[in-house]
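1. heads up, no residue letters with this:
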């Protein structure tokens with residue numbers, strides 16, 4: 001029996017990177033999975049991998065910036081799998097754009113996916129968690145939401161918002177038995193970071209005490225800790241930092 005046997009987890013942004021690693025680990029630990037992402041082909045590959053690990057999987061292509069689409073997908077997932085116990089918000093977009101070159105469209109799209117998407121999922125998943133008597137919401141932010149970053153003001157603002165939103169939701173949802181926490185990784189070798197320049201990445205590596213970027217598989221165990229009992233039972237409103245030493249609170 002895995003640590004998540006009998007649990008149903010929604011992983012948003014499951015098609016690649018950290019979301020895919022979390023979905024795969026949760027499948028190995030016995031969870032039923034609802035996998036949501038806009039990238040249908042990659043989502044199908046991750047779904048097949050999770051089914052191969054023994055998980056029952058509901059998969060749906062969803063743009064997290066669209067509230068009605070998120071609500072519909074979560075309702076369908078809960079119906080198909082019998083409820084929702086855990087939600088992981090890992091969808092995100094990233095590009096490197098200096099403030100003086102940034103358009104309003106770039107700013108708004110980044111916040112729509114990276115911050116408003118977390119609101120949508122949390123808002124429409126919460127009733128399902130309450131119906132189960134409680135659950136876990138795990139948001140994936142970034143250490144840049146704590147320390148800032150050059151050429152990334154839109155991304156930093158969104159991720160700082162995710163950290164703040166997680167604290168507010170932790171307070172509001174605690175009476176319902178819902179624990180809300182945030183993972184703020186350092187740089188991780190994912191397709192997302194491919195949008196950044198080699199100069200940015202080289203400079204960032206030189207800053208890190210551990211001298212290397214993380215891998216998605218380095219981050220997934222933190223999500224597992226927060227999703228399980230008793231390991232995650234006293235965490236709520238917290239920001240955990242698997243970040244190669246980039247931020248030391």
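-> Sure, I can see it. These numbers were taken from a predicted model, which means no experiment stands behind them.

2. for this protein, just list every one of the helices.
-> With DSSP state H as the criterion, the chain has helices at 17-28, 40-52, 67-81, 104-111, 117-131, 144-147, 153-173, 198-207, 216-227.

3. nearest to residue 239, out of those?
-> The closest of these to residue 239 is helix 153-173. By Cβ to Cβ, the value is 5.6 Å. Where C-beta positions appear, they are placed from N, C-alpha and C, glycine not excepted.

4. by mean pLDDT, point me to the weakest helix or strand of this protein.
-> For the chain, counting by mean pLDDT, DSSP states H and E, helix 198-207 ranks last in confidence among helices and strands (a mean of 88).

5. pull out the buried positions in that one.
-> 200, 204 (16 or more other Cβ atoms under 10 Å).

6. what are the contacting residues of that helix?
-> Residues outside helix 198-207 that contact it (Cβ atoms under 8 Å, 6 or more residues apart in numbering) are 96, 150-151, 187, 193, 211-213, 246.

7. list the contacts for residue 87?
-> Residue 87 makes contact with 9-10, 12, 121-122, 125, 129, 135-138, according to Cβ under 8 Å, 6+ apart.

8. hmm, 10 Å instead?
-> 8-12, 34, 74, 118, 121-122, 124-126, 128-129, 135-139, 178, 180, 227 (Cβ atoms under 10 Å, 6 or more residues apart in numbering).

9. ok, now residue 28?
-> 2-4, 50, 53-55, 220, 224.

10. which of the residues you listed ranks first by neighbour count?
-> Tallying neighbours with other Cβ atoms under 10 Å puts residue 50 at the head of the contacts of residue 28, with 26 neighbours.

11. that residue contacts residue 21, doesn't it?
-> No: between residue 50 and residue 21 there is no contact under Cβ atoms under 10 Å: 11.3 Å.

12. overlap of the contact sets of those two?
-> With Cβ under 10 Å, 6+ apart, residue 50 and residue 21 have common neighbours 11, 14.

13. buried ones in stretch 118-129?
-> Quick answer for stretch 118-129 (16+ other Cβ under 10 Å): 118-122, 124-126, 128-129.

14. neighbours around residue 243, how many?
-> Neighbour tally, residue 243, other Cβ under 10 Å: 25.

15. hmm, residue 212 and it touching each other?
-> No: using Cβ under 10 Å, residue 243 makes no contact with residue 212, being 11.5 Å away.

16. what's near enough to touch residue 143?
-> Counting by Cβ under 10 Å, 6+ apart, residue 143 touches 149, 159, 163, 183-187, 239, 241-247.

17. hmm, try it at 6 Å
-> 184, 186, 241, 243, 246-247 (Cβ atoms under 6 Å, 6 or more residues apart in numbering).

18. who wins for neighbours among those residues?
-> Neighbour max across these (other Cβ under 10 Å) = residue 184, 27 neighbours.

19. contacts only, for that one.
-> Taking Cβ under 6 Å, 6+ apart, one finds 141-143, 239, 241 in contact with residue 184.
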